[in-house]
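Trainee: output the structure for:
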Amino acid sequence: MAYNHEAVRTVHPNVVVIDGGAGCFDIDGNLVTIDEALVADETARLDAIDQSTQYQRDREEAYPPLEDVVVALWESVIEDRAADAIAIEALRQAVKAQYPKP
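Mentor: Here you go, the predicted structure:
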């Protein structure tokens, strides 16, 4: 059986090896009996967390590169040129609108 490894290790912390074909084993190599219902519940919980934070990963990929932000801030604060900083902020707001918090 294919398991969500994180879910198995959360509900069965004594599991150190997960072999989809042979089963789950503790540190001494003993087979651990897996409570399928607990693993299914934990998998559902982890999936819900993953889905609720997907917008964060989407935003991270879409935001302007950090180097561009630093240069724009430098130019805005030190060189008194705000155009790039304003453009970067417009891009950030567009990304937030495209990937809103749930």
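
Trainee: let me see the ranges of the strands in the chain.
Mentor: Counting by DSSP state E, residue ranges of the strands within the chain are 17-19, 23-25, 31-32.

Trainee: what packs against the second one?
Mentor: Contacts defined by 3 or more CB pairs under 8 Å, 6 or more residues apart in numbering; DSSP states H and E place strand 23-25 against strand 17-19, strand 31-32. Where C-beta positions appear, they are placed from N, C-alpha and C, glycine not excepted.

Trainee: how does it look with 10 Å?
Mentor: If contacts are counted by 3 or more CB pairs under 10 Å, 6 or more residues apart in numbering; DSSP states H and E, strand 23-25 sits against helix 5-11, strand 17-19, strand 31-32.

Trainee: hmm, back to that, need the strands of the chain in JSON lines with distance to residue 94, can you?
Mentor: Compiled in JSON lines, the strands of the chain are given as follows (distance: least, CB to CB, whole Å):
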{"stretch": "strand 17-19", "distance to residue 94": "42"}
{"stretch": "strand 23-25", "distance to residue 94": "46"}
{"stretch": "strand 31-32", "distance to residue 94": "49"}
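
Trainee: nearest to residue 98, out of those?
Mentor: With distances scored as CB to CB, the stretch of the strands of the chain nearest to residue 98 is strand 17-19 (37.4 Å).

Trainee: for that closest one, packing partners?
Mentor: The contact analysis (3+ CB pairs under 10 Å, 6+ apart) places strand 17-19 against helix 5-11, strand 23-25.

Trainee: quick one: buried residues of the first one?
Mentor: Going back to what we said before, that points to helix 5-11. Of the residues in helix 5-11, 7, 8, 9, 10, 11 count as buried by neighbour count, 16 or more other CB atoms under 10 Å.

Trainee: correct me, but the third one touches residue 24?
Mentor: Yes. Residue 9 sits in contact with residue 24 when judged by CB atoms under 10 Å, with a separation of 9.1 Å.

Trainee: where do the contact lists of the two overlap?
Mentor: With contacts defined as CB atoms under 10 Å, 6 or more residues apart in numbering, the residues shared by residue 9 and residue 24 are 3, 15, 16, 18, 39.
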